[in-house]
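Chemist: build me a structure from this.
(one chain, ligands or ions: 1)
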Amino acid sequence: MFLDHEKKTRPLHLQIDNLSQDPSISTPVAQIAHAALVSAEVRTHDAQMLLEKRSRDAIDALLAMAEALMYIPRHISHEDDSAGETFVASMIGQRIVDITHTILGCQRVGIMAVDSETEYLRPIAVVGLSPEAEASWFANIARFSLLDILLDHNLVKLLQAKEVLLVDMTRPPFQGSSNPYNIRVMLVAPICVHHQLVGVLYSDYGSEEHIYTEDELSVIKTMTKLATLVIEREQAEAERSRALFALQQANEQLSRVNKVQSNFVSVVSHEFRTILTSIQGFSELMRDEVCSLEEVKEYAIDIHSNALLLNEMISEMLDLERMKSGQVLLKRDQVDLTSLLTRVINSIAAVTPRHTFHLLLDENIPTLSADRDRLIQVLTNLIGNAVKYSPAGGEIFVRSRIEGNAVHVSVQDQGIGIPAHALEQIFVPYYRVESESSRYITGTGLGLSIVRQIIEMHSGRVWAESTHEQGTTFHFTLPLVI
Ligand code: ADP
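Modeler: Purely as a prediction, here's the structure:
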């Protein structure tokens, strides 16, 4: 599709009038009928006679197409989404170019959509090309903008002003460019929706000299009106798909929030209440019973440790909220991961004699740019969980190694394991696996969410593997160069 640069070489500009302004022809079918009327007025000239004959043949096809335009998209787009609608658009677009081709008796007709923001083109339909040329047209047209093809802002503006352009291809600057069909004059008609250029329809008669009659131009105008409906419909459907997608996203987000909320309620009603009940029980004993000083001290110690636990849980909740809302920034430093791992393992091993630790650490891991305290929090949570969820004791393996541009750390236990369906869920705030074996193990379901948040803030990844009732392995990676 080529156009002449020089204004003086354009034989004709035609203002496309808005047919829908006439109330009697405001519907697509009425517009088609109007086109038929226009065609029927062709009487005088030989070419007009021919046009009239072709028009009559095409009217039935036009009406059938208008029907398709009205009804087909509903069936297809309900089952499928924008892909179905694109299929419908190109199917009807193809019928428009085929009918235009038949009525005008020209060599080629094509329709392309124009993106209203970027002015890039999108192929809709073409007729008159060889199969190879057609495939290449469909494959390549999207690489071009309207300006790439028209080469002149003024020509784009003329199309935007709803003018039909007739271009002499034998004149500069097009006469030097590739013209495999020896096209002499190219017609380019705008397709507009609400004064906005949304596509173009073009046609040519090859090397044949052809003067477009008013009636032929009328037919082209009608075809651009039909193409407008196709593109409008496609745009509306794309809009609908986008809205549907946004709605689905919002629903998913809502169901995630609901899940977190119901997990939260269950944690508060179970974990927090258990601790509060214990505090309440000990304080009632102290209030109502005659207790020795030793007993009072003993109860006070229990109350104190339960209060500390409650405080810790609340801190975890607030900490996660602050991290998620972006209020926490990492305090990066050069961190020696191997010594951090050894430190955390030693401090946990000191209080859990039933577990044996095996350290398989790569001594050559370079220092990482990371937040030391946050990494300690990650290691304490993962190694603490390995201990907490192997209540019968067992062996715990902590490994570290370099993998490509990252360091990979894993913590493996021989504990109660995690069912496959929960391996991702455990990273959701307040989620706790409900099972007979974990019933008496307290927690908020926040530790792993905090771990994931911290690791992701370091651009790393964390995940879990588990064989039910045989143990769990947690893995995380951290990039070596940040
Ligand atoms: P909490 O331990 O406070 O409940 P976490 O976020 O640390 O919270 O863990 C979430 C859930 O994942 C735990 O409730 C538990 O069901 C499961 N889990 C975590 N670590 C392990 C592990 N090493 N072995 C088995 N289950 C685990």
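
Chemist: count of neighbours near the closest residue to the ligand within the stretch 101-250 of the chain?
Modeler: Closest approach between the stretch 101-250 of the chain and the ligand, counting by CB to the nearest ligand atom: Gln249, at 25.5 Å. Yep, even glycine has a C-beta here, placed from its N, CA and C like the rest. As a burial measure, Gln249 scores 10 neighbours (other CB atoms under 10 Å).

Chemist: pretty sure it sits in a strand.
Modeler: No - per DSSP: H, G, I helix; E, B strand; the rest coil, Gln249 lies outside any strand segment and is helix.

Chemist: now do it, the pLDDT please.
Modeler: We note a pLDDT of 93 for Gln249 in this prediction.

Chemist: now do the helix or strand hosting Ser339: which elements does it pack against?
Modeler: Using DSSP states H and E, Ser339 sits in helix 337-349. Under the contact definition 3 or more CB pairs under 8 Å, 6 or more residues apart in numbering; DSSP states H and E, helix 337-349 sits against strand 355-361, helix 372-388, strand 394-403, strand 406-412.

Chemist: can you rerun that using 10 Å?
Modeler: Packed against helix 337-349 by the contact rule (3 or more CB pairs under 10 Å, 6 or more residues apart in numbering; DSSP states H and E) you find strand 355-361, strand 368-371, helix 372-388, strand 394-403, strand 406-412.

Chemist: for the nearest residue to Tyr299 once chain neighbours are set aside, what are its contacts?
Modeler: Sequence neighbours aside, Phe282 is the residue nearest to Tyr299 in space, at 4.3 Å (criterion: CB to CB, 6 or more residues apart in numbering). If a contact means CB atoms under 10 Å, 6 or more residues apart in numbering, then Phe282 has 296, 298-304, 306 as its contacts.

Chemist: cool, and Ile231?
Modeler: 89, 93, 111-114, 122, 124, 191-193, 198-199, 224.

Chemist: what of Val126?
Modeler: Here Val126 is in contact with 1, 93-94, 97, 101, 108-112, 133-134, 137-138, 141, 202 (CB under 10 Å, 6+ apart).

Chemist: how about Ala133?
Modeler: Ala133 neighbours (CB under 10 Å, 6+ apart): 108, 126, 180-181.

Chemist: return the set of buried residues in the helix or strand encompassing it.
Modeler: Here Ala133, judged by DSSP H and E, is contained in helix 131-140. By neighbour count with 16 or more other CB atoms under 10 Å, helix 131-140 contains the buried residues 134, 137-138.

Chemist: past the host helix or strand of Thr277, which element shows up next along the chain?
Modeler: Using DSSP H and E, Thr277 sits in helix 273-288. Downstream of helix 273-288, the first helix or strand assigned by DSSP H and E is helix 293-324.

Chemist: just give me the closest of the contacts of Ala133 to Phe357.
Modeler: Using CB to CB, Val126 comes nearest to Phe357 of those, at 70.6 Å.

Chemist: what does the closest residue to the closest one other than its chain neighbours show for phi and psi?
Modeler: Using CB to CB, 6+ apart and skipping the chain neighbours, the partner closest in space to Val126 is Gly110 (4.0 Å). The phi/psi pair for Gly110 (degrees, to the nearest 10) reads phi -140, psi 150.

Chemist: Gly110 against Trp137, yeah?
Modeler: Yes - using CB atoms under 10 Å, Gly110 is in contact with Trp137, at 7.3 Å.

Chemist: list the residues that contact both of the two?
Modeler: Here Gly110 and Trp137 have 1, 123, 125-126, 129 as joint contacts, going by CB under 10 Å, 6+ apart.

Chemist: tell me the centre residue of this structure?
Modeler: Nearest to the mean C-alpha position of the chain, counting by CA atoms, centre = their mean, stands Phe245 at 8.3 Å.

Chemist: angle of whichever helix or strand that one is part of against helix 273-288?
Modeler: Element membership of Phe245, judged by DSSP H and E, is helix 214-267. Interaxial angle of helix 214-267 relative to helix 273-288 (axes from the mean of the first three to the mean of the last three CA atoms, to 10 degrees): 30 degrees.

Chemist: next, the angle helix 293-324 makes with helix 214-267.
Modeler: Using the same axes, to 10 degrees: helix 214-267 against helix 293-324 is 170 degrees.

Chemist: tell me the secondary structure for Val351?
Modeler: Classified using three-state DSSP, Val351 is coil.

Chemist: how far does the helix holding Ser339 sit from the chain's center?
Modeler: In terms of CA atoms, centre = their mean, to the nearest Å, the gap separating the centre of helix 337-349 from the centre of its chain is 42 Å.

Chemist: quick one on the thing from earlier: and the residue nearest to Val126, what does it touch?
Modeler: Gly110 touches 1, 93, 97, 100-101, 123-129, 134, 137, 141, 188, 200-204, counting by CB under 10 Å, 6+ apart.

Chemist: do that again at 8 Å, thanks
Modeler: Taking CB atoms under 8 Å, 6 or more residues apart in numbering, we find Gly110 in contact with 1, 97, 123, 125-127, 137, 201-203.
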